[in-house]
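>>> next one to model:
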Amino acid sequence: MDKNEKSLDFKDIFEKVSDGVAGTTGVVVNLVALAILVEVIYGQGIFGMGVIGNITKLVNDLGSSGFAGLVSLLVLVILFRGKK
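Now for the predicted structure:
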């Protein structure tokens with residue numbers, strides 16, 4: 001290949017995909033926070049979705065799963081903490 005040509009190797013592609021996923025995750029987390037805020041202020045969820053009720057159900061399901069629920073919660077926390 002010519003030195004002037006821009007080549008994408010696997011590392012570059014992986015970094016671009018990782019950046020895209022991180023950006024999308026950040027947007028989703030902010031939207032969930034906004035949905036919770038709207039539900040607390042107005043008493044009903046956005047578009048009829050009860051975000052607080054769904055999060056409560058998810059936490060209860062993880063809690064009743066015992067060790068598997070704890071491991072799942074730990075994996076979720078590690079994924080959302082990400083690289084800083």
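>>> from here on, contacts and neighbour counts on C-alpha atoms
Noted.
>>> hmm, who's touching stretch 58-65?
For stretch 58-65, the surrounding residues in contact (CA atoms under 8 Å, 6 or more residues apart in numbering) are Ala68, Gly69, Leu70, Ser72, Leu73.
>>> avg pLDDT for the strand or helix carrying Ser72?
Assigned by DSSP states H and E, Ser72 belongs to helix 67-81. Averaged over helix 67-81, pLDDT sits at 80.
>>> contacts for it, please.
With CA under 8 Å, 6+ apart as the contact definition, helix 67-81 has outside contacts at Asp61, Leu62, Gly63.
>>> what's the burial count for Ala68?
Ala68: 12 surrounding residues under other CA atoms under 10 Å.
>>> so for the chain, the centremost residue is which one?
Central residue of the chain (CA atoms, centre = their mean): Thr25, 4.4 Å from the mean position.
>>> need the pLDDT of that one.
pLDDT recorded at Thr25 is 85.
>>> list the buried residues for the lowest-mean-pLDDT helix or strand in the chain?
The least trusted helix or strand in the chain, going by mean pLDDT, DSSP states H and E, turns out to be helix 67-81, with a mean of 80. Across helix 67-81, burial judged by 16 or more other CA atoms under 10 Å covers Gly69.
>>> ok so, going back, nearest to Val21, of the contacts of helix 67-81?
Nearest to Val21 out of the contacts of helix 67-81 is Leu62 (CA to CA; 24.8 Å).
>>> could you measure the closest one against Phe80, distance?
As judged by CA to CA, to the nearest Å, Leu62 and Phe80 stand 17 Å apart.
>>> what's the first helix or strand after the longest helix anywhere in the chain?
Criterion DSSP state H: the longest helix present in the chain is helix 10-42. Sequence-wise, the next helix or strand downstream of helix 10-42 (DSSP H and E) is helix 51-64.
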